[in-house]
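**Student:** For reference, the sequence and a predicted model appear below.
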Amino acid sequence: MSRERDRRDLPAIRDDAWGELPTRRAHWGHEEHRYGAWDVFGDLSRTESLAGLSAIAASGLRLTAEQQGIVDDAAIAVTLADPRLWPLKAARMIASYGRPTFAATVGSLVPDDSPVGPASVGRAGIVLAELALQLRPLHPGQPKRREAIAQFVESRRILPGFGVPFRQIDERRVFFERRVTDKGRDGLWHWQCWRELVVEVRQQRGLEPNIAMPIAAALLDAGMPPTSMGPLTQLIMFHMYVSNALEGAEPEQRLLQRAPDRCVRYVGRPMRTSVNKTPR
């Protein structure tokens, strides 16, 4: 189980116009700083990793070393930084104008509401958490349990975490499954619910799972709420945008500023005209 935040309150931020604004996130002190409920140098420096700090940022929860390893495995699994993928292409094109840090940040926002990408992990987590709650009183192997899963699938037109574009099997999912199994976490509750869901979705819809659902299952088993999963996945994918933005800012990449007209399609509002029909 995740190490829950303790209840020590941080000093409130004082603003003369608004009064006190409470925060549980951080406090800049003298000689020691606070991040969440922990001292940065005294507590976090002992066992925390970048994956662990990212988990605290997304959820306020502190993960064990083993759980941090699962987040690291997820970060490796989602590393698909091919610049032909349109969010990464966007970061590269923006960076061609000379601001790679800005471009990486903007590019990572492009898929925020996309059916694929970081947000899909959060949506998968919501669905899986709901299914797991329904299955809690039913023992594995019971006919009622199988019926409950079948009805659950039938009741949803769209199931996040299923469907693999352009190929038969999501190789990222295969890798991540293997890492979870190697760590002995494949017998945990949400992981088992996910595996049973996969069987039913294959039977009913002929769809293969993608990387979103197993990451959601592993994070649920680490005690993280679904609302934290999209932001956490965004954090562990950010290196891909930085990589493409830095290359996009190189001088020879300025070709991206001169895409042929046939490659560009404007989808905004039509150009306004004045009363004399002269475009402006």
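**Tutor:** On my side now, so go ahead. No experiment lies behind these values; they were computed from the predicted model shown. Numbers count the residues shown, from 1 in each chain.
**Student:** Could you use CA atoms for every contact and neighbour count after this?
**Tutor:** Noted.
**Student:** From residue 96, how far out is the spatially most central residue of the chain?
**Tutor:** Central residue check for the chain by C-alpha atoms, centre = their mean: the C-alpha nearest the mean position is that of residue 233, 2.2 Å away. For residue 233, the distance to residue 96 equals 26 Å [C-alpha to C-alpha, to the nearest Å].
**Student:** ditto for residue 136
**Tutor:** Using C-alpha to C-alpha, one gets 52 Å for the distance from residue 136 to residue 96.
**Student:** out of the two, which sits in the more crowded spot?
**Tutor:** residue 96 (23 against 12; other C-alpha atoms under 10 Å).
**Student:** can you pull the contacts of that one?
**Tutor:** In this structure, residue 96 makes contact with 245, 248, 249, 250, 251, 253, 254, 255, 256, 257, judged by C-alpha atoms under 8 Å, 6 or more residues apart in numbering.
**Student:** Spatially nearest residue to the second one (excluding sequence neighbours)?
**Tutor:** Nearest in space to residue 248, with sequence neighbours left out and distances taken as C-alpha to C-alpha, 6 or more residues apart in numbering, is residue 92 at 4.5 Å.
**Student:** Burial check on that neighbour, number of neighbours?
**Tutor:** Residues within reach of residue 92, counting by other C-alpha under 10 Å, total 30.
**Student:** quick one, phi psi at it?
**Tutor:** Backbone torsions for residue 92, taken as degrees, to the nearest 10, come to phi -70, psi -40.
**Student:** Return the per-residue confidence for it.
**Tutor:** pLDDT, the model's per-residue confidence, is 91 for residue 92.
**Student:** okay but it is in contact with residue 240, surely?
**Tutor:** No: at 10.7 Å, residue 92 and residue 240 do not qualify as touching, with contact defined as C-alpha atoms under 8 Å.
**Student:** intersection of neighbour lists for the two?
**Tutor:** Common contacts of residue 92 and residue 240 (C-alpha under 8 Å, 6+ apart): none found.
**Student:** what's the host helix or strand of residue 218 in contact with?
**Tutor:** Per DSSP states H and E: residue 218 is located in helix 212-221. Contacting residues not belonging to helix 212-221 are listed as 1, 70-71, 74, 120-122, 124-125, 128-129, 160-162, 173, 176-177, 180, 188-191, 194, 225-226, 229 [C-alpha under 8 Å, 6+ apart].
**Student:** which among the residues you listed end up buried?
**Tutor:** A residue is treated as buried here by neighbour count (16 or more other C-alpha atoms under 10 Å); on that basis the buried members of the contacts of helix 212-221 are 70-71, 74, 120-122, 124-125, 128-129, 160-162, 173, 176-177, 180, 190-191, 194, 225-226, 229.
**Student:** So which of the residues you listed are in strands?
**Tutor:** The members of these all map outside strands under DSSP state E.
**Student:** Could you measure from residue 201 over to residue 229?
**Tutor:** Summarising the geometry, the distance separating residue 201 from residue 229, computed by C-alpha to C-alpha, is 23 Å.
**Student:** Repeat that for residue 89.
**Tutor:** Per C-alpha to C-alpha, residue 89 is found 24 Å from residue 229.
**Student:** where does the stretch 1-150 of the chain dip in pLDDT?
**Tutor:** Low-confidence segments of the stretch 1-150 of the chain, defined by pLDDT under 70: 1-19, 110-113.
**Student:** And the strands in the chain?
**Tutor:** Counting by DSSP E, the chain has strands at residues 13-15, 19-21, 26-27, 34-35, 38-39.
**Student:** From what I see, residue 153 and residue 202 are in contact.
**Tutor:** No: Residue 153 is not in contact with residue 202 according to C-alpha under 8 Å; the separation is 10.4 Å.
**Student:** neighbour count winner among the two?
**Tutor:** Summary of the neighbour comparison: residue 153 and residue 202, criterion other C-alpha under 10 Å, with residue 153 having more neighbours (18 against 13).
**Student:** so what's the more buried one up against?
**Tutor:** The contact partners of residue 153, by C-alpha under 8 Å, 6+ apart, come to 159, 200, 201, 204.
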